[in-house]
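Student: Generate a structure from the sequence data that follows.
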Amino acid sequence: AIKSLSNEQWSWVVFDAGCWGYISVTIGTLVPLIFKQDTPSSEKAYVTELWANAVAFGTLLSGLICPLIGAGIDLMALRRFAMAVTSILTIFFITLFAFVDQSQWLLLLFLAVLGNMFVGILQSIYNSIITHVSDSSETDMVFISSFQCVLGNAGAMVIMKILALDSIRDRKFSGEAAMEGNSLSSGFIHISFCVAAIWFVVLGLPFLLLYQETPPQLGNISFNSVLRSSWASFRLSLVNVELMKYMIATILFSDAAATLDSVYQVYASEIGVSTETLLAAAVANRWIALVSAVGWYFAAVQPWSSSGGAAGGAVGGAGGCFLGSIVLTL
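Tutor: Purely as a prediction, here's the structure:
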C-alpha cells in the first residue's frame, strides 16, 4: 500500500516529518523551557499563566486569520506559496526567539505569540492540502493522513535523538556544556534551533517542488471577493450538519490538546522537575507517540464499516481513532 503513494503524496508526508520534528524540538519542548528560564524573577510566580496566555493568544490570532487567508489562497491558487511563506516566517520568529537576549523579556513574549500564531497557520494550511494530494475517496485520505502521522512522529523522534535531548547532561556545544546547573546554555539553544530549522527545510523542500498547484479561479479577485468567499464558506458550515459536527469536535479537541501542551512543560519546571528530566520525557513522549501512531494507522485503515455496518463504522476506522484520541488526550 505504501508503494501506491505518488511522489507528491510522499513529499506531503515527508514534509510533516520535517515540520513536526521542528515544532517538537522548538515550540513543543525548548521554547517553553527557555521562556521559563528567562522570565524575570518579578514575574516567576505567573510564568505558567503567561506562557499559557501567549499560546492562547497566538492560537486565537491564527484562528481569526486562517479563514480569511484560506479563502484568498483558494481563489488565487497560492497554496504552495502560502506554505513556503508561513514556513519561513515560522522558522524566522522561532529562531529569533532563541537568539534574543534574556534581558529583552517582553520581546521574547511577543516572539512566543508570533511563533505560536504562525505554527497554527502553517499547520492549518498543511492539513487542508490533503484534499488536494489525495483522491476523492475517504479511504485514500484516511490512509495518507494516518501514514503522515506515523512518519511525522518518526521524524520528530529522530531529530530529538540527533540532538540527544534525552542525554543532555553529557553533551557539549560550541565548547561549552549543554547545561549550566538546571539551565540550558546559549550554545546548546542556538545549535539546536539551527539544526532543527535545517531539518525542516531539507524535508520540507521536496513538497514545495513537487506539489501540483490547481489553477486559480477565474474572475477579478479583490479583497471583497475574498471576504464574500469566507462568509459563504461559513454559511455552508452552518447548514452542513456533518461538517459542523466535525468542526466542533476539532475545536474542542484542539483546544484541550493545545492547553495541555502549553502548560505542562512550564508548570512541571515550576514545581521542581529538572530540565534534564523534562527533555528526556519529551523524547520518550515521541517514542510513545510513534508507537501510538502506528497503532492508529492500522486501526484507521481497517474496513470496519464493511464488516460491522453503520455501528461498526461508528466505533472503528477513522471515526473510532478520532474519538479514541480525544478520550485518551482528556
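Student: So which residues of the stretch 151-300 of the chain form strands?
Tutor: 172-173, 176-177, 179-180, 183-184 (DSSP state E, counting those that start in this stretch).
Student: mean pLDDT for those: which is lowest?
Tutor: Among the strands of the stretch 151-300 of the chain, strand 172-173 has the lowest mean pLDDT, at a mean of 65.
Student: Which stretches in the stretch 151-300 of the chain count as helices?
Tutor: Ranges of helices within the stretch 151-300 of the chain are 186-210, 223-239, 241-270, 275-300, based on DSSP state H, counting those that start in this stretch.
Student: Just put those in a markdown table and tack on mean pLDDT, distance to Asn153 and mean neighbour count.
Tutor: Placement of C-beta: from N, CA and C, glycine included. Putting the helices of the stretch 151-300 of the chain into a markdown table (pLDDT from 0 to 100; distance: least, Cβ to Cβ, whole Å; neighbours: other Cβ atoms under 10 Å) gives the following:
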| stretch | mean pLDDT | distance to Asn153 | mean neighbour count |
| --- | --- | --- | --- |
| helix 186-210 | 92 | 14 | 19 |
| helix 223-239 | 69 | 30 | 13 |
| helix 241-270 | 73 | 14 | 15 |
| helix 275-300 | 81 | 4 | 18 |
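Student: now these as a markdown table including distance to Phe99?
Tutor: Output for those, formatted as a markdown table (distance: least, Cβ to Cβ, whole Å):
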| stretch | distance to Phe99 |
| --- | --- |
| helix 186-210 | 7 |
| helix 223-239 | 35 |
| helix 241-270 | 20 |
| helix 275-300 | 19 |
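Student: List the contacts of the nearest residue to Gly58 once chain neighbours are set aside.
Tutor: Spatially, and ignoring its direct neighbours in sequence, Gly58 is nearest to Asn116 (2.9 Å; Cβ to Cβ, 6 or more residues apart in numbering). For Asn116, the contact set (Cβ atoms under 8 Å, 6 or more residues apart in numbering) comprises 27, 54-55, 57-59, 62.
Student: from those, which two are the most distant?
Tutor: Greatest spacing in the contacts of Asn116, by Cβ to Cβ: Ile27 and Phe57 (14.1 Å).
Student: Could you verify my assumption that Thr29 touches Ala281?
Tutor: No. Contact between Thr29 and Ala281 fails when scored by Cβ atoms under 8 Å: they sit 9.4 Å apart.
Student: who wins for proximity to Gly72 among the helices of the stretch 151-300 of the chain?
Tutor: helix 223-239 (4.5 Å).
Student: Where does the prediction get shaky in the stretch 51-200 of the chain?
Tutor: Scanning the stretch 51-200 of the chain for pLDDT under 70 picks out the ranges 136-138, 170, 172-176.
Student: let's see 80
Tutor: For the stretch 51-200 of the chain, applying pLDDT under 80 flags the ranges 63-64, 67-68, 70-72, 74-76, 102, 134-143, 146, 166-182.
Student: who's more crowded, Ile27 and Phe57?
Tutor: Taking other Cβ atoms under 10 Å, Ile27 and Phe57 do not tie; Ile27 has more neighbours (22 against 15).
Student: Work out the gap between the helix or strand hosting Phe57 and the centre of the chain.
Tutor: In this assignment (DSSP states H and E), Phe57 forms part of helix 47-76. Centroid displacement of helix 47-76 relative to its chain, using Cα atoms, centre = their mean, to the nearest Å, is 13 Å.
Student: for stretch 179-186, same thing?
Tutor: Centroid separation between stretch 179-186 and its chain, computed with Cα atoms, centre = their mean, is 26 Å.
Student: Tell me which residues are up against that stretch.
Tutor: 30, 33-34, 37, 168-169, 173, 176-178, 188, 274-276.
Student: Most neighbours of all these, which one?
Tutor: Leu30 (27 neighbours).
Student: residues in contact with that one?
Tutor: 98, 184, 189, 192-193.
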